[in-house]
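Q: Next come a sequence and a model predicted from it.
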Amino acid sequence: TLRRPDELVVGIRIPITIGRTLSGFSKLGSRRYLVISIAMAAFVIELDEANKIARARIAVGSCSAKAIRLRELEIELIGHDFAPDIELIVQNEHFAALTPIDDIRATAEYRREAAPTLVRRLIQKMTNEA
């Protein structure tokens, strides 16, 4: 997105995973087929041989001008078992960097409350499926 007219993209780096990798995506919207969401969340979690979180990448979209990584939450998850209660680590403070707006789909306050719930549910769903 910051490429100048005289620059080319010559490659994309994709990190090598170190263990078992789980990923998920969820969106909150008034209709399933609408592209524009009220809020969305995505994550990639890598587990080590002991089923502990070795690396986490979590992002929330539609709650700021661009998708925001939840780096503090990512760091806090490292070393924990990927077990059904892992979503309890997710706290509202992890979402402080979000800057949601009011629009025709939802209020900023609704988005601020919905984002943590969406992330918790997504992680819980993935732990139940893992």
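A: Yep, it's here.
Q: Return the distance of Arg105 relative to Ser62.
A: 8 Å (Cβ to Cβ, to the nearest Å). C-beta coordinates here come from the backbone N, C-alpha and C atoms, glycine included.
Q: Comparing the two, which shows the higher neighbour count?
A: Between Arg105 and Ser62, Ser62 has the larger neighbour count (other Cβ atoms under 10 Å), namely 24 against 17.
Q: doesn't Ser26 make contact with that one?
A: No - using Cβ atoms under 8 Å, Ser62 is not in contact with Ser26, being 11.6 Å away.
Q: Can you check which residues contact both of these two?
A: Met40 (Cβ atoms under 8 Å, 6 or more residues apart in numbering).
Q: who touches Thr21 in this structure?
A: Val44, Ile45, Glu46, Leu47.
Q: I figured the last one hits Arg55, correct?
A: Looking back up the chat, that one is Leu47. No - at 9.0 Å, Leu47 does not count as touching Arg55 under the criterion of Cβ under 8 Å.
Q: ok, these two, which is more surrounded?
A: Between Leu47 and Arg55, counting by other Cβ under 10 Å, Leu47 is the more crowded of the two (20 against 17).
Q: Relative to Glu72, how far out is that one?
A: Counting by Cβ to Cβ, the gap from Leu47 to Glu72 is 20 Å.
Q: quick revisit: can you work out which residues contact both of Arg105 and Ser62?
A: Common neighbours of Arg105 and Ser62 (Cβ under 8 Å, 6+ apart) are Ile36, Ser37, Ile38.
Q: These, buried ones only, as a PyMOL selection?
A: Buried residues among these (16 or more other Cβ atoms under 10 Å), as a PyMOL selection:
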select buried, resi 37+38
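Q: Thank you kindly, that will do.
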